[in-house]
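[1] okay, here's the prediction I keep looking at, along with the sequence it came from:
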Amino acid sequence: RKSPVMDSFVRQRIAATATVGRGTFRFWLVLCLAACVAVAARYLGTLNLGRVRLQDEPLHALLLRLGTTVAALALAGQLLFAERLKCKPVALPADPTVTLREDNGVSCLAPVHIGRAKTAEPLILEGTSRAFTNASNPRGLSFMPATPEPEASVDDRGAASDADAPSDPKLIVLEAEAACTRNQAEAAGGAAPPAKRALKQYTLAEVATHCHRDDAWVIIDERVYDVTRFIDKHPGGVGPMVNLAGKDCTDVFANYHAARIYRTMLPAFLIGEMAPGEIVVWPHVADFRRIRQELLRRGLFETDMGFYRKMLAWHALLWLGGLYLSLGLQSCTAHMLGASLIGIFWQQLAGIGHDLGHSGVTHNFYKDHLIGSLLSCMMGLSVGWWKSDHNTHHVVCNAIEHDPNIQLMPVLSITPKCFRKARFWDSYHKKWVGMDDVAHLLVSYQHLFFYPLMALARWNLYVQGLIYLITKPDCTHYRRTELAGICLYFAWVFAVALSMPSWAQAVVWIFVSHGVAGILHVQIVLSHWSMHSYEGRAYTDADDEWYITTMRTTMNVKTPPLLDFMHIGLQFQVEHHLFPRLPRHNLRIAREMVKEVVQKHFPAGSPECKRLFPLGVAYHEPGFFEGNLEMWRVLQDAAYAARSAKKGEHGFWECALWEGMNCAG
């Protein structure tokens, strides 16, 4: 049982040992680096990998060796001396008509549309009704500011004291801009503002009928927007908008878009507002929104560029080291070690591409996209294709008919739901998906060849990216840049492979490098395939709203902090799906907040938790090997279900032509 006295004591001890802990960390880091260098030198000498005199070393090998050394020194210097970015927390705005949002990674104040949301708990008014101030904490969340808030009436809330004012000059300016409308109304001594045309009111049922590509409405902050004409221009792809059409996407929109989009783009699509009492903000939704506000208050959406400087040195070390072992030495062992380093380089670089794809580095869509497109010459993948595919996956995670990440028939099926019917319409790839004799055979044994298949999975990404760039099925950017980058990628990869002394080594080099990179594909699917999957569309009621659906379809991978870099952020998929623009290096902080909110509302073993979450726990976080075992068992269960199917069952072998020939029915 927690004790306030003990909790205070622990805080004091942590504060007292913070400086000592940093020094100890540096000492052990230096010791580990020295040990690694000594072991590597001894190992290289034992294998006769480096027995080359300087005057006999080719120029390209010398340059690669020097580049590798410089990258290693740069990485060591960053690890030893670089300080983590420290953001100064800002004060939550006392004005209930203003909230915190993120723009270019910087927390800023923005006006909020005041709605009339009712609540599932009459005694705790939540959400856009703004019955509480921004700093309200009705359920005592520990991560919220500890400063007690004064009990103020609704009439008094507009008058914020100097102590409540934000300390950042930028926030002061933005707060003044956000309050501009109120000031104009009061400029004439309290005179009423000019009359405006009243917005038409709609019900949820009315909005839900506009759920198609050629007729798409969405609800954001209790206002209704007709976004039909913008769907094909949406930078994030068509899939997310079509799958959210006709629904309340307030939280999805807030977590995927910068603050300026509310001001510069949304007004052009406004057609009405929700009728009183239509929108319900459940207590758990309000607390998840408090997590976002606290992340913004602490400035955690701001990217620590020191982190990416370390990543730059680390990736340079892997790439140059891999090339040096592959091109600068003659031993077959050295060549295979070089291929392994190149594979690790591709796996790690995918994490950078993932961050850029979510505008999580500079937080500028076009700048991050351009950097990612330029990196196609190093990783061979199309960021444009990835954004279209991955953004759709985020919005409809584990939806049988809509999530492209689980539409893998006829090779794989993560659940018998995929072949429960004769066929289903794949809304992303725009095709009918069904089971035949080939699919029956492959799916029946998928658990046996899954891991070998992952060693070859990168080739599928090459093909998907090229098909996307050539056919242009969705809105994409920097298409020519990516095509040129992919051509350059294959040029240097095959040039390195063909430099091997024999064809056998060249082929093995290709397979080893791609096989090692295959760990990435296991990491990608690990966080979803063993979780809940569903048919149809989500976000229809309290049981499958945005946050609950994310928790049901996504899990984390329990990882020691020192190994976070190996998992490239994919170990925090729950937090990443909830807050995709949050920089990777701050996901561990968000994890503690999310776990607390989940424990408050859905404690493990509670009837509500068992009802909503198939695993009986709302926050699932197994270790890497335990998670792989769970995923393998899910594939095995689906394989056994397919294997036991008989003709005409589970969608196998169903054919309209065959039924017609036999006069079936």
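    Everything's here; your move. Quick caveat, the model's predicted, so the values are computed rather than measured. Numbers count the residues shown, from 1 in each chain.

[2] which residues touch residue 486?
    Going by CB atoms under 8 Å, 6 or more residues apart in numbering, residue 486 touches 376-377, 380-382, 462, 465-466, 469. (C-beta placed from N, C-alpha, C; glycine too.)

[3] now these in JSON lines, with pLDDT?
    Formatted as JSON lines, these follow (pLDDT from 0 to 100):
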{"residue": "376", "pLDDT": "96"}
{"residue": "377", "pLDDT": "96"}
{"residue": "380", "pLDDT": "95"}
{"residue": "381", "pLDDT": "95"}
{"residue": "382", "pLDDT": "95"}
{"residue": "462", "pLDDT": "96"}
{"residue": "465", "pLDDT": "95"}
{"residue": "466", "pLDDT": "96"}
{"residue": "469", "pLDDT": "95"}
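
[4] among these, which one has the most neighbours?
    Among those, residue 382 has the most neighbours (other CB atoms under 10 Å), with 29 neighbours.

[5] just the element for the residue nearest to that residue when sequence neighbours are not counted, please.
    Closest residue to residue 382 apart from its sequence neighbours, by CB to CB, 6 or more residues apart in numbering: residue 465 at 3.2 Å. Residue 465 belongs to helix 457-471 when assigned by DSSP states H and E.

[6] buried set for the helix or strand immediately after that helix in the chain?
    Downstream of helix 457-471, the next assigned helix or strand under DSSP H and E is helix 479-498. The neighbour-count check on helix 479-498 (16 or more other CB atoms under 10 Å) flags 481-483, 485-486, 489, 493, 496-497 as buried.

[7] now swap in stretch 68-86 and tell me
    Applying a neighbour-count criterion of 16+ other CB under 10 Å, one finds 68, 71-72, 74-76, 78-79, 85 buried in stretch 68-86.

[8] what's the farthest-apart pair in the residues you listed?
    Distance extremes for the buried residues of stretch 68-86: the farthest pair is 68 and 85 at 28.2 Å, using CB to CB.

[9] just the helices in the stretch 251-400 of the chain please.
    259-264, 283-297, 305-323, 332-357, 365-374, 376-379, 383-395 (DSSP state H, counting those that start in this stretch).

[10] can you lay out these as JSON lines showing distance to residue 96?
    Below are the helices of the stretch 251-400 of the chain laid out as JSON lines (distance: least, CB to CB, whole Å):
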{"stretch": "helix 259-264", "distance to residue 96": "17"}
{"stretch": "helix 283-297", "distance to residue 96": "13"}
{"stretch": "helix 305-323", "distance to residue 96": "35"}
{"stretch": "helix 332-357", "distance to residue 96": "34"}
{"stretch": "helix 365-374", "distance to residue 96": "31"}
{"stretch": "helix 376-379", "distance to residue 96": "46"}
{"stretch": "helix 383-395", "distance to residue 96": "30"}
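
[11] so which of these is nearest residue 505?
    Among the helices of the stretch 251-400 of the chain, the nearest to residue 505 by CB to CB is helix 332-357 (6.1 Å).

[12] that closest one vs helix 479-498, what angle?
    170 degrees (axes from the mean of the first three to the mean of the last three CA atoms, to 10 degrees).

[13] helix 332-357: how far from the chain's middle?
    Centroid displacement of helix 332-357 relative to its chain, using CA atoms, centre = their mean, to the nearest Å, is 21 Å.

[14] by contact count, what packs against it?
    helix 305-323, helix 365-374, helix 376-379, helix 383-395, helix 503-517, helix 519-526 (3 or more CB pairs under 8 Å, 6 or more residues apart in numbering; DSSP states H and E).

[15] low-confidence ranges, the protein, go.
    Residues of the chain meeting the criterion pLDDT under 70: 1-55, 113-133, 146-197, 646-662, 664-665.

[16] switch the cut-off to 50
    Scanning the chain for pLDDT under 50 picks out 1-21, 39, 42-43, 46-52, 114-130, 148-195.

[17] tell me where it has strands.
    98-103, 106-111, 200-202, 211-212, 215-220, 223-226, 247-248, 270-274, 423-426, 431-434 (DSSP state E).

[18] can you add mean neighbour count and distance to residue 515 and give those strands back as JSON lines?
    Listed next are the strands of the chain as JSON lines, based on neighbours: other CB atoms under 10 Å; distance: least, CB to CB, whole Å:
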{"stretch": "strand 98-103", "mean neighbour count": "23", "distance to residue 515": "39"}
{"stretch": "strand 106-111", "mean neighbour count": "23", "distance to residue 515": "42"}
{"stretch": "strand 200-202", "mean neighbour count": "14", "distance to residue 515": "54"}
{"stretch": "strand 211-212", "mean neighbour count": "14", "distance to residue 515": "43"}
{"stretch": "strand 215-220", "mean neighbour count": "21", "distance to residue 515": "43"}
{"stretch": "strand 223-226", "mean neighbour count": "20", "distance to residue 515": "47"}
{"stretch": "strand 247-248", "mean neighbour count": "24", "distance to residue 515": "42"}
{"stretch": "strand 270-274", "mean neighbour count": "18", "distance to residue 515": "52"}
{"stretch": "strand 423-426", "mean neighbour count": "16", "distance to residue 515": "29"}
{"stretch": "strand 431-434", "mean neighbour count": "15", "distance to residue 515": "29"}
